[in-house]
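Participant: Sequence plus the predicted model coming up.
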Amino acid sequence: MKLNTIAALLLTASCLMATAVSATTLTVSNNSNVIVSQDTDWSDFLNFQKFNPALGTLTSVKFELYSNIAGSVTLTNYNDDPADVPVTLDVSVFLNRPDNSNLVLISASLFNTVITVPGGGGSGGTSNSLLAYNSATYSGPGDLALFSGPGSINTLITAQANSTVFGDGIDVQFATTADGYGTVTYAYTPAVPEPQTYGMLLLGMGLMGMLARRQQSRAKQA
Amino acid sequence: MKNLTKLLLAGTAIAGSNAYANVPTQSYTVNSNVIANAKGNTAGLDFSKFNLSLGTLQSVQITLFSDFNTSISVENLSKSSVSTITGTAGSVLTMTVPTLTQTLTSGGSHVFTEAKFDGLSNFAGASGAVFTFSGAPFSSTMSYVDLPTLALFSGLGNLHASLVGTSSSSVIGTSGNTRSLVQPMFDAYGSVTYTYALPVPEPATYAMLAAGLGLIGVALRRRKSP
């Protein structure tokens, strides 16, 4: 009777362990270095800690890219008459793999507007700043292999701005800056115990059961 | 006598073929005044009209010209990178007389590649430059044969054509740290070529010619006969 109870306990315990292990996906996040704000255009490297394979099986890699971008335009109208001046300023931030293929792309518009500037040397302008963000998740075998292993990996980050202005006789001055940083999040399945490990567990429990029986029978004899 | 008749016939035949088969045409060209700076509303262009005593006006060919000398000044202000700056500039001249409107579009674009900011925002040095459009004038030519236009351009004195010059430009910069200034500069002038038919003698004139020649013939015969 007692033996049966022990065996049932053992079975349920091992079942529980097995189900719990296969359902769990854990994540680990690492922040990159920060590229300080500077005039666009620039290129630099974001360094990400790779995934430690000892933790388990990597299932996906998520990149989050951030950039604080700021831009302005200043206009001086040398015409006699007032002018309506269309201006646009856009910033793109690319995060690329070492082979230069794109991981994450941020496309942000700082402004796209028409500024009325008084004539005869009058001035006008506009400015804007924002935190631009985008993310992308990869689970292909190439990326899982690329971002696994010891140490860290450098990814190329590039910030580019594009300005347009329409209008004659107008002194136009654009200024744009951007910084950049990112976070990588690795999703993985924790290491699952090998069949041998379960064997050892069963063996150990079996031994304990035997010991308990022997103690019981000794107690009866005594 | 036979020779004289032959001469008369030949003369009439030549005159006839000229009058009815090939109307002789001639042309001449007049130039307008030059408007040195044609941006905005201008004083207009004046063309000397066709002199009707020369013949019959058949066509008016108008050519508008513009020397396009707009300049584009740029400076890359980025301390981080080179900048590619594309400047595009253009002008439109619109000439109007009561019977027609003719336009001329001029312009072009230039691509600058400027190094990192050299510290001086002066449209010069390593990070700045000025480009001025130059070269042959832009032109547009149209021919008109409609009667109202022919009438308008005929007579004494000048025909005044109003002229409006507008300009447009754009500057596209990579790096988002650029300074630019487009200074429009283009002139305007025109020419008109009048093509006309020479006056053709009336049939009555030929009759007079024939009568005159006949009288000469008669006179010659009378001298010979005595």
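Facilitator: That came through fine. Numbers count the residues shown, from 1 in each chain, chains lettered A, B, ... in the order given.
Participant: what about residue A:72, how many residues close to it?
Facilitator: 18 (other C-beta atoms under 10 Å in any protein chain shown). Every residue, glycine included, has its C-beta placed from N, CA and C.
Participant: Now do the same for it: its pLDDT.
Facilitator: Per-residue confidence (pLDDT) for residue A:72: 98.
Participant: Now do the strands in the chain.
Facilitator: Just going to use chain A. A:26-31, A:35-39, A:42-49, A:56-77, A:83-96, A:102-117, A:122-138, A:152-166, A:170-190 (DSSP state E).
Participant: switch to chain B, that's the one I care about
Facilitator: Using DSSP E, strands in chain B cover B:25-35, B:40-41, B:45-48, B:56-66, B:71-76, B:83-97, B:100-114, B:128-132, B:138-144, B:158-174, B:178-183, B:188-197.
Participant: ranking the ones you listed by mean pLDDT, which is last?
Facilitator: Taking the mean pLDDT of the strands of chain B, strand B:40-41 comes last: a mean of 83.
Participant: Who are the packing partners of that strand?
Facilitator: Using 3 or more C-beta pairs under 8 Å, 6 or more residues apart in numbering or on different chains; DSSP states H and E, the elements in contact with strand B:40-41 are strand B:158-174.
Participant: Could you list every helix and strand in contact with the strand it packs on?
Facilitator: strand A:152-166, strand B:25-35, strand B:40-41, strand B:45-48, strand B:71-76, strand B:83-97, strand B:178-183, strand B:188-197.
Participant: Adding mean neighbour count and distance to residue A:200, write these out as JSON lines.
Facilitator: Output for the helices and strands packed on strand B:158-174, formatted as JSON lines (neighbours: other C-beta atoms under 10 Å in any protein chain shown; distance: least, C-beta to C-beta, whole Å):
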{"stretch": "strand A:152-166", "mean neighbour count": "21", "distance to residue A:200": "36"}
{"stretch": "strand B:25-35", "mean neighbour count": "15", "distance to residue A:200": "101"}
{"stretch": "strand B:40-41", "mean neighbour count": "12", "distance to residue A:200": "95"}
{"stretch": "strand B:45-48", "mean neighbour count": "20", "distance to residue A:200": "104"}
{"stretch": "strand B:71-76", "mean neighbour count": "24", "distance to residue A:200": "70"}
{"stretch": "strand B:83-97", "mean neighbour count": "21", "distance to residue A:200": "68"}
{"stretch": "strand B:178-183", "mean neighbour count": "24", "distance to residue A:200": "71"}
{"stretch": "strand B:188-197", "mean neighbour count": "20", "distance to residue A:200": "98"}
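Participant: In CSV: those, plus distance to residue B:57.
Facilitator: Supplementary listing: the helices and strands packed on strand B:158-174 in CSV, determined by distance: least, C-beta to C-beta, whole Å:
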stretch, distance to residue B:57
strand A:152-166, 44
strand B:25-35, 10
strand B:40-41, 30
strand B:45-48, 13
strand B:71-76, 42
strand B:83-97, 15
strand B:178-183, 42
strand B:188-197, 5
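Participant: What residues are bridge-paired with the most centrally placed residue in chain A?
Facilitator: For chain A, the residue nearest the mean C-alpha position is residue A:63 (2.6 Å; C-alpha atoms, centre = their mean). Note on residue A:63: beta-bridge partners residue A:136, residue A:184, judged by DSSP bridges.
Participant: Having no further points to raise, I will conclude here.
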